[in-house]
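> Quick one, what's the 3D model for this:
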Amino acid sequence: MDGSSVATTDLFKALGDPVRWSIIQQMSEVDELACSRLEQTLPISKPTVSYHTKILAQAGLISVRKEGRNFYYTLRRDVLQSIASELWTVAPGPRPVRDGMVDLKSNPNNRRRNRIRPRPNDGGVAVGQEVVLLTW
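Numbers count the residues shown, from 1 in each chain. A predicted model of the protein is given here:
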């Protein structure tokens, strides 16, 4: 087992706890999140908030900034993107691309597809139809 697999398993262990997943979800909605906000929104004690954020920081999923007595957390979106990319290598399949970037939010299998028939000689795309490029 190489070092990258160990790091990946540590990331999944950190993400596997419901409290830590809730912390990640809250951080995904803002650029930076104060520890005091987590203490207000989570049904756990302050030391337990600290314990969970420490695990997330050790796994590299969040960065921590201290200002005076206050702690502020930022989600490491690049780390989450790398986890998603590693998952795609294990279970490859079509991936939607929008505006030149892989779109991890949409799942082309769960979306209703518009059954618009293109007119002859118009390039194959009906006016107003969304085009999604799938890559492997």
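
> Output stretch 55-65 as PDB, restricted to C-alpha atoms.
The C-alpha trace of stretch 55-65 is given here as PDB (Å, rounded to 0.1, in the frame of the first residue of the first chain):
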ATOM      1  CA  ILE A  55      -9.500  15.400  12.700                       C
ATOM      2  CA  LEU A  56     -10.600  17.300   9.600                       C
ATOM      3  CA  ALA A  57      -7.500  19.500   9.800                       C
ATOM      4  CA  GLN A  58      -5.200  16.500  10.300                       C
ATOM      5  CA  ALA A  59      -6.700  14.900   7.200                       C
ATOM      6  CA  GLY A  60      -6.100  18.000   5.200                       C
ATOM      7  CA  LEU A  61      -9.700  18.700   4.500                       C
ATOM      8  CA  ILE A  62      -9.800  22.100   6.300                       C
ATOM      9  CA  SER A  63      -7.300  24.900   7.100                       C
ATOM     10  CA  VAL A  64      -7.400  26.600  10.400                       C
ATOM     11  CA  ARG A  65      -6.700  30.300  11.100                       C
END
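
> can you count the residues close to His52?
20 (other Cβ atoms under 10 Å). For every residue, glycine as well, the C-beta is placed using N, CA and C.

> ok, the residue nearest to the spatial centre of the chain - contacts?
Residue closest to the mean C-alpha point of the chain, counted by Cα atoms, centre = their mean, is Leu80 at 5.0 Å. Neighbouring residues of Leu80 by Cβ atoms under 8 Å, 6 or more residues apart in numbering: Leu61.
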